[in-house]
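Undergrad: what would the 3D arrangement of this be:
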Amino acid sequence: MYELNKLGFDVFFEEQVVDSSYEVGRIATLANGIYKILSKEGELQGQLSGKYYHEAELTRDFPCVGDWVLFTPLLDEGKGIIHQTLERKSLLSRQAAGEKTIEQLIAANVDTVFLVNALNKDFNVRRMERYLTQVYESGANPVFILTKKDLCDDVEEKISAVEEVAFGVPVIAVNTLQSDDLEVIRSFVETGKTISLIGSSGVGKSTLINGLLGEDIQRTQGIREDDAKGRHTTTHRELFMLQGGGVVIDTPGMRELQLWTDEEATDEAFQDIKELTLQCKFRDCRHGNEPGCAIKQAIEIGELSEERYRSYRKLQKEAKFLDRKEKYGVHRAARMQMQDLKNGIN
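TA: Here you go, the predicted structure:
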């Protein structure tokens, strides 16, 4: 038996329920087309109704972990037939691997995303910029959690490096085995609110979740000593209820996040660069050899690093290519990108 308000059911979702003959539940796991639904009736094994399945066209038409659904309970069988997914507050997703433009859903209705990164040899600011861009696209609020601070000799320096690329985003360095550090993280968890964790394998997501849950739910593994990179531990997305209130969604580790975003979300993650472009002498400045280029000047005086600007341009190109690929197909999108290069368009 679950209390829906503690699972995150609020007025936003309540107003969407117009047919009282259905029960309301939240998706906790998904595997091979079978859903685990958390509801007032307890945990049920859910499957889509035939009508729902055949009418769904896009990937995001199907439920994912964190979604609220309307279903008909079959209590004698411990099952539920899903008829509808309620409109989402937020949706964290990425582009699936392969040539086809397919969206892969990560988690829905997340209020805060913990961007978990380890303070070891795998520390990578450019990867963090990529994660941040996708979180802004999702509609959730980002928080950087830097783990393994006990293994790092320059914690403050690395915190500053992240703060420089994440304007206004909380950045917290922790040793997840210390209770004081866990309390700081718990301050972001509220009853009825949902957090999710994303990051590379081995950065400590499972250890962090175990600490929040107060028990060893998620299996953990260490990092490889030769390159400080982790082994995959979490193998699927799963939603957990926290004892003190709140919900947490764990996700498998990702070595590389293929963006599913637009250029607007990229601008939000690179607010400093966006503001600089507005200061250029010419509105159509390409930030090359044009006179009065604010970007070029900022790089020359050390106000903006070349690495950050290159990262911005790379993510902008990815977002533009993704949009074109979705509209015109991969081959035409590639030709358009090549034409941009010939014309000197970045």
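Undergrad: G46: what's it in contact with?
TA: Shown in contact with G46 (C-beta atoms under 8 Å, 6 or more residues apart in numbering): 25, 27, 34-37, 69, 71, 79-82. Where C-beta positions appear, they are placed from N, C-alpha and C, glycine not excepted.
Undergrad: for the longest strand along the chain, which outside residues touch it?
TA: Of all the segments of type strand in the chain, defined by DSSP state E, the longest one is strand 23-31. Contacts made with strand 23-31 from outside it, assessed by C-beta under 8 Å, 6+ apart, are listed as 4, 7-9, 13, 17, 35-41, 43-44, 46, 63-73, 80, 108, 236-240.
Undergrad: for stretch 147-159, same thing?
TA: Here stretch 147-159 makes contact (C-beta under 8 Å, 6+ apart) with 116-120, 123, 146, 171, 173-176, 203-204, 207-208.
Undergrad: any idea which of those is least confident?
TA: Lowest in pLDDT among the contacts of stretch 147-159 is T176, which has 71.
Undergrad: all helices for the stretch 1-150 of the chain, in order.
TA: Counting by DSSP state H, counting those that start in this stretch, the stretch 1-150 of the chain has helices at residues 11-14, 50-55, 125-138.
Undergrad: please spell out which residues along the second one are buried.
TA: This means helix 50-55. Y52 (16 or more other C-beta atoms under 10 Å).
Undergrad: stretch 117-124 now?
TA: Of the residues in stretch 117-124, those buried by neighbour count under the rule 16+ other C-beta under 10 Å are 117-120, 122-123.
Undergrad: one step back: now the longest strand of the chain, how far from the chain's geometric center?
TA: 19 Å (C-alpha atoms, centre = their mean, to the nearest Å).
Undergrad: kindly export it (C-alpha atoms) in CSV.
TA: The C-alpha trace of strand 23-31 is given here as CSV (Å, rounded to 0.1, in the frame of the first residue of the first chain):
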residue,chain,number,x,y,z
GLU,A,23,-6.8,3.7,-10.4
VAL,A,24,-3.7,5.9,-10.3
GLY,A,25,-0.2,4.5,-10.0
ARG,A,26,3.4,5.3,-10.6
ILE,A,27,5.8,3.3,-12.7
ALA,A,28,8.8,2.0,-10.7
THR,A,29,10.5,-0.3,-13.2
LEU,A,30,10.2,-1.4,-16.8
ALA,A,31,11.6,-4.7,-18.2
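Undergrad: report the mean confidence score over it.
TA: Averaged across strand 23-31, pLDDT comes to 96.
Undergrad: would you put the C-alpha positions of stretch 159-168 in CSV?
TA: Extracted as CSV, the C-alpha positions of stretch 159-168 are listed here (Å, rounded to 0.1, in the frame of the first residue of the first chain):
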residue,chain,number,x,y,z
ILE,A,159,34.7,22.5,-7.0
SER,A,160,35.7,25.9,-8.4
ALA,A,161,36.1,24.3,-11.9
VAL,A,162,32.6,23.0,-11.8
GLU,A,163,31.1,26.2,-10.4
GLU,A,164,32.7,28.1,-13.3
VAL,A,165,30.6,26.1,-15.8
ALA,A,166,27.4,25.7,-13.7
PHE,A,167,26.2,29.1,-12.9
GLY,A,168,23.9,29.1,-9.9
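Undergrad: CA atoms only for stretch 276-294, dumped as PDB, please.
TA: These are the backbone C-alpha positions of stretch 276-294, laid out as PDB (Å, rounded to 0.1, in the frame of the first residue of the first chain):
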ATOM      1  CA  LEU A 276      29.000  37.400 -24.600                       C
ATOM      2  CA  THR A 277      27.500  36.800 -28.100                       C
ATOM      3  CA  LEU A 278      25.000  39.600 -27.400                       C
ATOM      4  CA  GLN A 279      28.000  41.900 -26.900                       C
ATOM      5  CA  CYS A 280      29.500  41.300 -30.300                       C
ATOM      6  CA  LYS A 281      29.600  44.300 -32.600                       C
ATOM      7  CA  PHE A 282      27.700  42.500 -35.400                       C
ATOM      8  CA  ARG A 283      24.500  40.500 -34.700                       C
ATOM      9  CA  ASP A 284      25.600  37.800 -37.200                       C
ATOM     10  CA  CYS A 285      29.100  37.500 -35.800                       C
ATOM     11  CA  ARG A 286      30.600  34.100 -36.500                       C
ATOM     12  CA  HIS A 287      33.200  34.600 -33.700                       C
ATOM     13  CA  GLY A 288      36.100  34.100 -36.100                       C
ATOM     14  CA  ASN A 289      38.000  37.100 -37.500                       C
ATOM     15  CA  GLU A 290      35.200  39.700 -37.300                       C
ATOM     16  CA  PRO A 291      36.100  42.900 -35.600                       C
ATOM     17  CA  GLY A 292      34.400  43.600 -32.300                       C
ATOM     18  CA  CYS A 293      33.900  39.900 -31.400                       C
ATOM     19  CA  ALA A 294      33.200  39.600 -27.700                       C
END
